[in-house]
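Participant: no sequence on this one, just coordinates:
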């Protein structure tokens, strides 16, 4: 067959060579390959020029009916797609294909462009693409998480720098893992000097009196030894310069899957509070002393006033008052009847109470009687007594 007569010069050696995929330009009506690119030659292991002018069905020997149906569909619809075809490579292995097709040229022509893709290579490329996608996505996610943790770390550092309480951490061996600036200021140690050191030996080695503080008795270590929070209201920490100060602290265990791996200690200098408490206690003691002194002075003054200026609610320093007081003192110890006379409002009842309070009967009640209610005929017998039978009804 004279291929020069059937192959259009404007088609051969033109744009088909620039396609990135294996390509065939086929005259479907004559079952003739008009052009093939280098990728097509590599796909079946031959030179592309050897394909030009040969029947297309020779490439698909076992699939001739399917190929004819596929090209007719392409001519009818102007495009097509299939995953049902395969080729035999020159070395004998089978190449599974994915084919895209499109009609080329004028409507009266029957030229079809076939783009052939090795499905195995497509899977490899897709897997590589997915891997790259996941890799890039993983990198982006990792960077996002990294930035998130950096932000969290920055916020935590700001919090640690802002709080006024001292905060430090220890691992399961009691070695320092971190400390905030407030702990630096109170303890006098730099953070890098505390890291990796057993902090009990540095800041908590002795009691306030200088006696040794055994590690086994330390509540800080008991926190992660017992996996429980320990709160201590008053203890003693030591500074780098050898001086100490009173503290209150809370030791909270750090747990990893339920197992203690260290502790966080939050402590506060309570020197000012203790000084205020001491000042308050001193002031209360002074108030109590003054109160006792005032009570004693008040009692003394009361006795002085009672002795000098009054006698059983009788106040006065005149001679008349003094004479009455002397008479009260004379008759009160006796069993004699006493008649008190005087105008209304001059204090007769007051005198009677003074005599009663000074008598041996002071622990008994004082009976007051309204004399105006007693008939004058009975007055003498009622107040000064009578013998039995002196009048009707007199029994004693």
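Facilitator: Perfect, thanks for sending it. None of these values were measured; they are calculated from a predicted model. Numbers count the residues shown, from 1 in each chain.

Participant: Name the nearest residue to residue 115, ignoring sequence neighbours.
Facilitator: residue 100 (4.5 Å; C-beta to C-beta, 6 or more residues apart in numbering). C-beta: built from backbone N, CA, C; applies to glycine.

Participant: Surely that neighbour is in contact with residue 85?
Facilitator: No. Shown here, residue 100 and residue 85 do not form a contact pair, counting by C-beta atoms under 8 Å, at 11.4 Å.

Participant: who has more neighbours, those two?
Facilitator: residue 85 (20 against 16; other C-beta atoms under 10 Å).

Participant: mind checking the backbone torsions on residue 385?
Facilitator: Dihedral pair for residue 385: phi 90, psi 170, per degrees, to the nearest 10.

Participant: Just the strands from the stretch 251-396 of the chain, written as ranges.
Facilitator: For the stretch 251-396 of the chain, applying DSSP state E, counting those that start in this stretch gives strands covering 259-269, 310-311, 314-315.

Participant: Please identify the deepest-packed of those.
Facilitator: Comparing these by mean neighbour count (mean count of other C-beta atoms under 10 Å), strand 259-269 comes out on top with a mean of 19.

Participant: Report the rounded mean pLDDT for that one.
Facilitator: Mean pLDDT, computed over strand 259-269, is 90.

Participant: do stretch 365-380 as well
Facilitator: 76.

Participant: buried stuff in that stretch?
Facilitator: Using 16 or more other C-beta atoms under 10 Å as the test for burial, stretch 365-380 gives no buried residues.

Participant: Kindly report the same for stretch 103-122.
Facilitator: Buried residues in stretch 103-122 (16+ other C-beta under 10 Å): 103-104, 110-118.

Participant: and those residues, which of them are in helices?
Facilitator: Members of the buried residues of stretch 103-122 lying in helices (criterion: DSSP state H): none.

Participant: quick revisit: quick check: the gap between the residue nearest to residue 115 and residue 119.
Facilitator: 13 Å (C-beta to C-beta, to the nearest Å).

Participant: can you tell me the helix or strand for the residue nearest to residue 115?
Facilitator: strand 94-104 (DSSP states H and E).

Participant: try residue 249
Facilitator: Using DSSP H and E, residue 249 sits within strand 244-256.

Participant: where along this structure do the helices fall?
Facilitator: 3-6, 38-44, 64-77, 119-162, 181-187, 191-194, 199-203, 219-226, 271-309, 319-331, 348-358, 376-384.

Participant: any chance of these in CSV, with distance to residue 342 too?
Facilitator: Formatted as CSV, the helices of the chain follow (distance: least, C-beta to C-beta, whole Å):
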stretch, distance to residue 342
helix 3-6, 168
helix 38-44, 150
helix 64-77, 147
helix 119-162, 87
helix 181-187, 83
helix 191-194, 95
helix 199-203, 88
helix 219-226, 83
helix 271-309, 22
helix 319-331, 10
helix 348-358, 5
helix 376-384, 17
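
Participant: ok, back up a step: which secondary structure elements does the strand holding residue 100 contact?
Facilitator: For strand 94-104, the packing partners by 3 or more C-beta pairs under 8 Å, 6 or more residues apart in numbering; DSSP states H and E come out as helix 64-77, strand 79-82, strand 86-88, strand 111-118, helix 119-162.
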